[in-house]
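Enquirer: 3D model of this:
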Amino acid sequence: MRFGAAVLRSYESRFAIEEVILNAGPADGEVLVEIAGCGMCRTDLAVRRSAGRSPLPAVLGHEGAGVVVETGGPGTGLSVGDHVVLSFDSCGHCRNCMGAAPAYCDSFASLNLFGGRKENAKRFTDAAGGELAPRWFGQSSFAEYAMVPARNVVRVDPSLPIELLGPLGCGFLTGAGAVFNSFGVGPGDTLAVFGAGAVGLAAVMAATATGAVTVAVDRHPERLALAERFRAIPLNAATADLPDRIQQLTDGGAQYALDTTGSAQLINDALRALRPTGHLGLVARLHTALPLEPGTLDRGRRISHLCEGDAVPGLLIPRLTGLWQAGRFPFDQLIRMYPLADINEAERDCDAGRVVKPVLVPEGRGP
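Expert: Got it, this is the predicted structure:
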């Protein structure tokens, strides 16, 4: 099977739309999905800074959504024609997977970031027969089709606009999952969100849906305007005495804080903005040592790293689509759609902050 895909051949090069080849159909436990749309996440772009750990050439993309066109047998639990959202890969049999914590799968890094599943890897090649890295996050969905383990797949209502739903599989799932799962935010709780990008704004929308009081911190006025639209209190990151100001807005300090920036200064500000026993969650991957200022962890405050919003995708994604249908999680307002052929423009816009969530649409698809 031959189809178009965006191939990244080196850490410095641009994406190139190429013909790629799948030399066999779905194996047991797999499905073939025709991609209707795929979100671009900063994790895709971070491959350029991965110091060679992510193998290239590769087809990236891990926020895909589309329609099942072939299955690897009845054991997948899916049928041809099903509309599906694709999420992260996990082994399914380690202690964390068995304990409903697939984001902490023992094999998460190897399956999703550093090469993917090795079985049947060579069947995925470029037009010249050169091997491509085996399925980024179990999907490699910057493409017209993706071969996916069935445990990556979440069936959704076919009446929904499938081309918009891919970001629910990672970025929006991470922000909303932090609120619902990691923190358990409820009515009247207080949350400070640092960084009003796709993950941060998803957290804002989820917190608003729970009835929480939310402060959103960012340095871009247009991002703060979006946060305010979703009923957060906007606060510029350059505000003098930022932790004190957040404590004033949250009646003595936020119970929860979510940092999406990876900035050491903002992480320290977030800790100082917490009330006693408050919890700060980090979602950004840190690339240097994190210096914590004296007193930031006093009085029961704690800090932890959150992966994929502690989500079970098969449970959280239907919850998010239900909230969207009820008008309470308007993630579509963060999306700008691009043809897959314009992937390099989408990357430039994402890097420059001109778009919150690009969604790439293969030729012939679209709303």
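
Enquirer: show me where pLDDT drops low in this structure?
Expert: Applying pLDDT under 70 to the chain flags the ranges 51-52, 115-116, 118, 120-121, 364-367.

Enquirer: All the helices of it, residue numbers only.
Expert: 42-45, 95-98, 108-112, 171-177, 198-210, 221-229, 242-249, 264-273, 313-325, 343-352 (DSSP state H).

Enquirer: Pipe those helices into TSV and attach mean neighbour count and distance to residue 295 per row.
Expert: (Each C-beta comes from the backbone N, C-alpha and C, glycine too.) Converted to TSV, the helices of the chain look like this (neighbours: other Cβ atoms under 10 Å; distance: least, Cβ to Cβ, whole Å):
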stretch	mean neighbour count	distance to residue 295
helix 42-45	18	31
helix 95-98	14	34
helix 108-112	19	34
helix 171-177	30	28
helix 198-210	28	25
helix 221-229	17	28
helix 242-249	18	11
helix 264-273	22	8
helix 313-325	19	35
helix 343-352	17	36
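
Enquirer: Ok, which of the ones you listed comes nearest residue 187?
Expert: Of all the helices of the chain, helix 198-210 sits nearest to residue 187, with 6.3 Å by Cβ to Cβ.

Enquirer: picking that back up, please convert the helices of the chain to JSON lines, extending it with distance to residue 335.
Expert: Output for these, formatted as JSON lines (distance: least, Cβ to Cβ, whole Å):
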{"stretch": "helix 42-45", "distance to residue 335": "15"}
{"stretch": "helix 95-98", "distance to residue 335": "30"}
{"stretch": "helix 108-112", "distance to residue 335": "23"}
{"stretch": "helix 171-177", "distance to residue 335": "10"}
{"stretch": "helix 198-210", "distance to residue 335": "9"}
{"stretch": "helix 221-229", "distance to residue 335": "12"}
{"stretch": "helix 242-249", "distance to residue 335": "29"}
{"stretch": "helix 264-273", "distance to residue 335": "26"}
{"stretch": "helix 313-325", "distance to residue 335": "12"}
{"stretch": "helix 343-352", "distance to residue 335": "11"}
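
Enquirer: just so I know, which of those helices lies nearest residue 14?
Expert: Judging the helices of the chain by Cβ to Cβ, what sits closest to residue 14 is helix 343-352, at 4.8 Å.

Enquirer: Just the residues contacting the closest one, thanks.
Expert: 6, 14-15, 17, 40, 42, 45, 142, 336, 338, 355, 358, 360 (Cβ atoms under 8 Å, 6 or more residues apart in numbering).

Enquirer: can I get the CA coordinates of it in PDB?
Expert: Extracted C-alpha coordinates of helix 343-352, given in PDB (Å, rounded to 0.1, in the frame of the first residue of the first chain):
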ATOM      1  CA  ILE A 343       3.200  21.200   7.400                       C
ATOM      2  CA  ASN A 344       6.300  23.400   7.400                       C
ATOM      3  CA  GLU A 345       4.100  26.500   7.500                       C
ATOM      4  CA  ALA A 346       2.200  25.000  10.400                       C
ATOM      5  CA  GLU A 347       5.500  24.300  12.200                       C
ATOM      6  CA  ARG A 348       6.700  27.900  11.700                       C
ATOM      7  CA  ASP A 349       3.300  29.300  12.900                       C
ATOM      8  CA  CYS A 350       3.400  27.000  16.000                       C
ATOM      9  CA  ASP A 351       7.000  28.000  16.800                       C
ATOM     10  CA  ALA A 352       6.200  31.600  16.500                       C
END
